[in-house]
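Enquirer: dropping a prediction and its sequence here:
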Protein chains: 2
Amino acid sequence: MGRSQKKRSATQPRRKMAYYFGKTRTEGNGKQKELLGGKGANLAEMTGIGLPVPPGFTISTEVCELYYKSRRKLPKGLMQQVRKQIATLEKETGKNFGDANNPLLVSVRSGAAVSMPGMMNTILNLGLNDTSVIGLAKATDNTRFAYDAYRRLINMYGDVVMDVSHEHFENAFNKIKASYDARSDTDVPAEGLEKLCKAYKGVYRDHVGHEFPQDPYLQLEYAIEAVFKSWMQARAVRYRQVENIIGLCGTAVNIQYMVYGNMGDDSGTGVAFTRDPSTGKNKFYGEFLINAQGEDVVAGIRTPQPVDQMPKWNKRVHQQLLGIKNKLERHYRDVQDIEFTIERGKLYMLQTRSGKRTGAAAVKIACDMVKEKLINEKTALGRIPANDLTQLLLPSFDPVAKKAAQVLAVGLPASPGAAVGKLAFTAEDAASRTADGEDVLLVRKETSPEDIDGMHAARGILTSTGGMTSHAAVVARGWGRCCVAGAGEIQIDEKHKKLHVKGRTFGANDTISIDGSTGQVMTGQVATKVPKLSGDFSRVMGWSSKYSRLSIRTNADTPADAKRARDFGAHGIGLCRTEHMFFEGERIVAMREMILAESVEARQAALRRLLPYQRKDFVGILTAMKGFPVTIRLLDPPLHEFVPHDSKSQTVVAKRLGIPLSKVKARVTQLHEANPMLGHRGCRLSITYPEILQMQVTAIVEATILCRKKRVRAMPEIMIPLIGTAREIQLLRTLAEQAIQQVQHKKRFAGSLDIPIGTMIEIPRAALTADQVAEHADFFSFGTNDLTQMTFGYSRDDVNTFLPDYLSKEILDRDPFESLDTTGVGQLVEMGTTKGRNVKRKLKVGICGEHGGDPDSIRFCHAAGLDYVSCSPFRVPIARLAAAQAALG
Amino acid sequence: MGRSQKKRSATQPRRKMAYYFGKTRTEGNGKQKELLGGKGANLAEMTGIGLPVPPGFTISTEVCELYYKSRRKLPKGLMQQVRKQIATLEKETGKNFGDANNPLLVSVRSGAAVSMPGMMNTILNLGLNDTSVIGLAKATDNTRFAYDAYRRLINMYGDVVMDVSHEHFENAFNKIKASYDARSDTDVPAEGLEKLCKAYKGVYRDHVGHEFPQDPYLQLEYAIEAVFKSWMQARAVRYRQVENIIGLCGTAVNIQYMVYGNMGDDSGTGVAFTRDPSTGKNKFYGEFLINAQGEDVVAGIRTPQPVDQMPKWNKRVHQQLLGIKNKLERHYRDVQDIEFTIERGKLYMLQTRSGKRTGAAAVKIACDMVKEKLINEKTALGRIPANDLTQLLLPSFDPVAKKAAQVLAVGLPASPGAAVGKLAFTAEDAASRTADGEDVLLVRKETSPEDIDGMHAARGILTSTGGMTSHAAVVARGWGRCCVAGAGEIQIDEKHKKLHVKGRTFGANDTISIDGSTGQVMTGQVATKVPKLSGDFSRVMGWSSKYSRLSIRTNADTPADAKRARDFGAHGIGLCRTEHMFFEGERIVAMREMILAESVEARQAALRRLLPYQRKDFVGILTAMKGFPVTIRLLDPPLHEFVPHDSKSQTVVAKRLGIPLSKVKARVTQLHEANPMLGHRGCRLSITYPEILQMQVTAIVEATILCRKKRVRAMPEIMIPLIGTAREIQLLRTLAEQAIQQVQHKKRFAGSLDIPIGTMIEIPRAALTADQVAEHADFFSFGTNDLTQMTFGYSRDDVNTFLPDYLSKEILDRDPFESLDTTGVGQLVEMGTTKGRNVKRKLKVGICGEHGGDPDSIRFCHAAGLDYVSCSPFRVPIARLAAAQAALG
């Protein structure tokens, strides 16, 4: 979806092309980012509120658009307007462009509506030539400074405007340095720099074919064009692709009076935040350098001092800055990130913008500013990027300890968090060792549904193959379990229980640490920090609930997950999967017996053995989520996933079940499908084997009755997956209702159970025929994972073969499994909701795909009128905040 | 879509429950099938037009519905109405119900709105009791006849109304026969039958608990109820499922004066068609039996005489029948299938209905009736079931030869036709032996895309596993190639090239015959008949073109197929698949080299070797279809399908390509996908490997220029498959246009090529965003095979695991891969068409899934406003006719 700006037609530009800012007059303001770019609008705004900003003017983004529309020609009349603005600037500063005594120098900088730091071109010291350089030397009484400025201009201009490779200038400089035996640039005296300017002009002439232009207006014209050109240079285009910046018409050009922080020890430069961007503490926070230019702070050659130390140097300027900090926060009502320069004791503000901050800081600042009555609760909520809450919720490595740790390999940051443990090479091992109280990491080439118990038991998961949407990654994210996937440098020898990496070998008793936020795999036990949730966090959650319309549920399959989500504020379970319940211990034996059964009776016998396990599971989950609805999805995956595929395991099963191995093999082969995603699964299983549905519904109802008898307010909902036709749900609903009645009768439970029966809408046809389906459903839950697979025709397991190309070629803006495709899949969600509610006005509608935890998708769900979203426990707070933000628009 | 009848509410029945037909008055007519059932409406209609029909009355289907709605109770007032109608019948016939002298006897028969032959109950001779049997004997002067009728009534009534097993009556009869030493029923004298009646009444009393009812009204009441009950008996319910008869409210009951064809040698019975139903020849056609009842004709115990012979027996009746034939045809304006009985020289008409006929007969009759001015062309077109044309187009076995053949096994009739050949156990073998002039059948466990050349070469295909939608079945139907699939009794030993069945073994040089219309597998060479198309066929095709709006294209991948389809009247190719072109001989080597290439350059080199083959293919096809558009689909299947999967073949490839085996294995593994249907295929290949698209487009353009230079009007269209987003087609269209320009430039071709570039709409998202897609497409072609897969979430390769259950449980009316699901998939077709045309008013829209040859789907495509349908060559005539029928409404 990307940040997009409405385009204005380029064929009819405003007559005005350049906008002045300064004491004389200010023609723009902070709201005109689209027209003046972010920087230009900000300079105008700062000037407007009386801050000491070096004066100048901004050429609008429309001019850039026009430049490209007219095949890279500057529009007529532009330079006349520029000359007029320069005249004003000359009057205001008392300096003249190209003057031999006290010349006006300007910077020429890009500035689009959205910040693209370092991606476009800048030219400084423009206005210098062989005459005015002498004037500058006179006016500053500093010849060295003047020639240093001039050589920088020639270099920058040659490089940026005329495409002369920097190395040619570098070579010339090295010759001069050698002649003075100078180690660094600063060792070269004024005289040497004067020679250097001559040498640079030679380089320029040799490579460009004409002399370095002496007319400052000519310099300016070419510089303006160079900035426009840089809008389409490869790295800028690429940046916009990566950052998904679309719909802009171009860059503005800011021409501004040059001020210098390097005019002596009464000069300096710095950057600061009006509050601490890391903790959010209300304290002026930043750094400055004496006798230096802005680039020097960024370059990190000299170590800057913290702004606290400034009073020792210049108390007045420090006081002035503190005043500006307050003025800015009162004006912008947000933390500002500022740049300033002191030229001979005079403070100039060069930039202010909203300050980036960590999740923790965002929460604290928002709450503090509400307390300070700078903003209200609604604005506060809008100030916290919902996804950034992740940082507050998951464990992380202690930064100091991590710095000292040895990184073995870097994989994909598949599921954030920090995990430490010994190595378990099989899921069984992970499960049993965890049960024995050990902390383990499950280490696999890749994981499969059979590993699910081990994955759940482990502290973290490390795989050597697979991408961000591999089984391990998807499952781990669902649980908030730390996972590093596809660490290709690692070789896993499952047979011998060894992990090889970079010539080293680790065994079952070695400890490793993995960082799911960076993909790093480290040796030994790296210390972790467990997050502590602040009072501010609770405050933000409270506001979120106050302003949300959407209800937030969680996807949880165990009482522990349900409890965690509830603690995070989940109001029920939107998706309780029942399949992984069948893998543990004795259960899988009965499950396999069921699958291998050759008659309905044999199948029923096996199901009868599974029933008590299911009932126990449901009692646990319903109890953990008492008072809130728990949507239980009936068995969904193809039976194929439950049977063993290697000969050895098949022999074990055959022995265990007392049937010939050949029969096991035959059934496994028979269950194989060409496209299991589109095969015999979901409700299709219940159509062919109604006894599976009957067992599961019986377990749900018996569990509910057990809870109710203990006065636990169990509120199950039965969800039938993969419905594609109204007749499926009609038939299965009838079966489920019969099973409910039978249990109620058998258990002599007289009260009303009131168990809603609904369906997942995850097949396009179900959305298309939602009016028919709704007649038999008490609720809809959009399973947007599968719906995305089928609407796009993308197998999630295989999509990595082409998805990277699709993202890099901008065919897709985002991975549609990460953020809901509102254009296509969203149409089906809206259609399903509308058609369903046309038949049943009060039909409850939710979403339970992974999109339920993605803020952009939540915004869409709000707009589409859904009742709730369901997401993994660790994303519940994010979803709560995002829901409030969606409601606040 | 099954034959469906609108339901009328059952809670408000018409006050009238029984409708009289006879000389006295006729209360119904032929249009009231819904109310009176087919039989009842027909009896009323025949009576109305003055035919000699035994009088009677019909109890309406509404009464049956009311019977079930009121928990199986006959509605109040029914029996009063019945008594009134019986009184009229008594007056008209001069006989009285239960009379001791000349009793009125009636038949009680079912009759729903749609014919369900033999599925419901019938009771004859009702009205006989201990008194009236004597009356009947007197009146007919035939004691034996009277007691025979009475014993039949007791037997039928006991069986049908009271559920007494027929064997009990059988046993009683055997005792009597033994006592008379009688071999057959007819050997038992009148006296024996009188005893038999007594014995039967005993059987009745013993098993029912009361005496056989003597009150004829009581008999009648129970009989009516028994007919109603039979509506819901298992076999009737099952029949409606199988025949897909839905929405009926129940059966009517016809109570009719009994006439007897077995009252002596002046009596008889027969069935006839007003024209020959096999050839369509305008000749009275039928059979009759002297001194027999209707059942005897059906039972086949005695051999009936052709109706031509009737003048020898009774010229007057024969003349009367010929008159009735003409009257009926003039009245119904269609061939009639009639039943008649002659009682003591008097002709009675028992039934008339539209006569079923073969495809050939349908064509001839329709044409003849137009010539005879009985019907007009439009009506004629409506009289030919489009699918029945198949019979005229495909070879079939000579019926006499087939009767003599030995059937080895019966598989699924996967693709109609007749094929004879020696056995080829591999595709290569089939291809090479065919090239050597041999006729072979390809015999495989199942087929895969690698077998495609062999399948195409073979006369027919026989598989031992797989269903109606298996690879073999689908591909064969596409080509009109005969195929028997899933013949489970057959074991195929590919290694030793042997076929085992029922203890017999066949080798490569043995000949077998397969019937794709019945699934039969026969030994030896069974003689076949090659169809010859009549002038009438051409006439029907001509009318079809005259009244169609839809254009008909064909799916063809070879010049031969294109030619065949063109001969059948196809106006272009709607789908030319390019993938099977890569399997032949040297091509597959280059193809595999391309897939195994590790750099763009190596891939391009391999593609350059494929280019000449492709160009040659395209020249052939474009030439065969000159003057008509040829839509060429770019490469679609996943690359996985082209690489070898067994170690042996992999070694061959590795050697051939001079690369290590490990590399081949690694690439094959890498290409493996969990769900290839939703994987890296279609346009996704062109996105990641643009050079494939470039090669194919280059081949198309070069072929076009070659043709044009030879003044062959080649009209290619480039179709990009599997589009899901507008940006895909935008990008690929640009690439294709560049390639076109390059070739044009290189070949110095100055003229306009005008090659449209369009897309398949086969992914739900493409239909949902068709407005965006249409901006970059010159045409849409709905690929309804894949669209059905993704809209339903059904993998066509796996659907047989649950589809049979889905059909038997009536979750689906029909296999959605056979006939387009208009409710769901159809919505996307309509949406795609509408959205596309909103952007491009004149966007050409077609369909190229297998549905393009299905009459019901064609009707839908017509209504949806499509421009053309494309189907396999052999279905072109069917599609032409269906298109006309759709246009005629």
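Expert: Yep, that arrived. Numbers count the residues shown, from 1 in each chain, chains lettered A, B, ... in the order given.

Enquirer: quick one: the longest helix along chain A near chain B?
Expert: Residue-count comparison of every helix in chain A, with assignments taken from DSSP state H, identifies helix A:600-624 as the longest. No: figure legend: helix A:600-624 not in contact with chain B (Cβ under 8 Å from any Cβ of the partner chain); closest approach 13.2 Å. C-betas here are computed from N, CA, C, even on glycine.

Enquirer: what is the neighbour count of A:Leu393?
Expert: For A:Leu393, the count of nearby residues is 20 (other Cβ atoms under 10 Å in any protein chain shown).

Enquirer: meant to ask about A:Gly751, not that
Expert: Here the neighbour count serves as a burial measure; for A:Gly751 (other Cβ under 10 Å) it reads 9.

Enquirer: ok, A:Leu550 next?
Expert: Residues lying near A:Leu550 (other Cβ under 10 Å) number 24.

Enquirer: same deal with A:Glu377?
Expert: In terms of burial, A:Glu377 registers 19 neighbours under the definition other Cβ under 10 Å.

Enquirer: then A:Asn314?
Expert: The local packing of A:Asn314 (other Cβ under 10 Å) involves 18 other residues.

Enquirer: can you tell me the helix or strand for it?
Expert: Using DSSP states H and E, the secondary-structure element containing A:Asn314 is helix A:310-332.

Enquirer: determine how far stretch A:363-374 lies from the middle of the whole chain.
Expert: Computed by Cα atoms, centre = their mean, to the nearest Å, the separation of stretch A:363-374 from the middle of its chain amounts to 24 Å.

Enquirer: mean confidence for it?
Expert: Along stretch A:363-374, the predicted local confidence has a mean pLDDT of 97.

Enquirer: residues in contact with it: which ones?
Expert: Judged by Cβ atoms under 8 Å, 6 or more residues apart in numbering or on different chains, the contacts made with stretch A:363-374 from elsewhere in the structure are A:275, A:279-282, A:329-330, A:333-335, A:357, A:375-377, A:380-381, A:383-384, A:389, A:392, A:534, A:536-537, A:539-540.

Enquirer: now with 6 Å, please.
Expert: When contacts are taken as Cβ atoms under 6 Å, 6 or more residues apart in numbering or on different chains, the neighbours of stretch A:363-374 outside the stretch itself are A:275, A:280, A:282, A:333, A:335, A:375, A:377, A:380, A:383-384, A:536-537, A:539-540.

Enquirer: flag every buried residue along that stretch.
Expert: When neighbours are counted by 16 or more other Cβ atoms under 10 Å in any protein chain shown, the buried residues of stretch A:363-374 are found to be A:Val363, A:Lys364, A:Ile365, A:Ala366, A:Cys367, A:Asp368, A:Met369, A:Val370, A:Leu374.

Enquirer: isn't A:Asp159 up against A:His166?
Expert: Yes: applying Cβ atoms under 6 Å, one finds A:Asp159 in contact with A:His166, separated by 5.4 Å.

Enquirer: which of these two has more neighbours?
Expert: Regarding A:Asp159 and A:His166, a neighbour count based on other Cβ under 10 Å identifies A:Asp159 as having more, with 18 against 12.

Enquirer: show me what contacts the residue lying closest to A:Asn262 once chain neighbours are set aside?
Expert: Using Cβ to Cβ, 6 or more residues apart in numbering or on different chains and skipping the chain neighbours, the partner closest in space to A:Asn262 is A:Gln293 (5.0 Å). A:Gln293 makes contact with A:Gly261, A:Asn262, A:Thr269 under the criterion Cβ under 6 Å, 6+ apart.

Enquirer: got a quick PyMOL command for the buried subset of those?
Expert: In PyMOL syntax, the buried subset of those is picked out as below (16+ other Cβ under 10 Å):
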select buried, chain A and resi 261+262+269
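
Enquirer: show me the contacts of A:Gln293 that map onto strands.
Expert: Using DSSP state E, the members of the contacts of A:Gln293 that fall in strands are A:Thr269.

Enquirer: re earlier: of all the residues in the longest helix of chain A, which ones are buried?
Expert: Counting neighbours by 16+ other Cβ under 10 Å, one finds that the buried residues in helix A:600-624 are A:603-604, A:606-607, A:609-611, A:613-615, A:617-624.

Enquirer: one more: stretch A:147-166?
Expert: Buried residues in stretch A:147-166, counting neighbours by 16+ other Cβ under 10 Å, are found at A:147-162, A:164.

Enquirer: wait, which of the buried residues of stretch A:363-374 is closest to A:Glu586?
Expert: Using Cβ to Cβ, A:Val363 comes nearest to A:Glu586 of the buried residues of stretch A:363-374, at 46.4 Å.

Enquirer: gap between the closest one and A:Lys546?
Expert: In this structure, A:Val363 lies at 16 Å from A:Lys546, with Cβ to Cβ, to the nearest Å as the measure.

Enquirer: likewise A:Glu27?
Expert: Distance, A:Glu27 to A:Lys546, using Cβ to Cβ: 42 Å.

Enquirer: so between those two, which is more surrounded?
Expert: Here A:Glu27 and A:Lys546 are set side by side on neighbour count (other Cβ under 10 Å), and the busier one is A:Glu27, at 18 against 12.

Enquirer: buried sites along the helix holding A:Asn314?
Expert: Of all the residues in helix A:310-332, those buried under the rule 16+ other Cβ under 10 Å are A:310, A:314, A:317-318, A:320-321, A:324-325, A:327-329, A:331-332.

Enquirer: same question for stretch A:330-348.
Expert: With burial defined by 16+ other Cβ under 10 Å, the residues of stretch A:330-348 counted as buried are A:331-332, A:334-343, A:347-348.

Enquirer: the helices in the stretch 401-550 of chain A, which residues?
Expert: Ranges of helices within the stretch 401-550 of chain A are A:427-435, A:452-457, A:471-479, A:535-547, based on DSSP state H, counting those that start in this stretch.

Enquirer: tell me, what residue is most central in chain A?
Expert: For chain A, the residue sitting closest to the mean C-alpha position, by Cα atoms, centre = their mean, is A:Asn387 at 6.6 Å.

Enquirer: confirm it sits in a helix?
Expert: Yes: secondary structure of A:Asn387, determined by DSSP: H, G, I helix; E, B strand; the rest coil: located in a helix.

Enquirer: gap between it and chain B?
Expert: To chain B, A:Asn387 is 25 Å away according to Cβ to the nearest Cβ, to the nearest Å.

Enquirer: now for that residue: which residues touch it?
Expert: Under the contact definition (Cβ under 6 Å, 6+ apart), no residues are listed for A:Asn387.

Enquirer: how far away is it from B:Thr465?
Expert: Counting by Cβ to Cβ, the gap from A:Asn387 to B:Thr465 is 51 Å.
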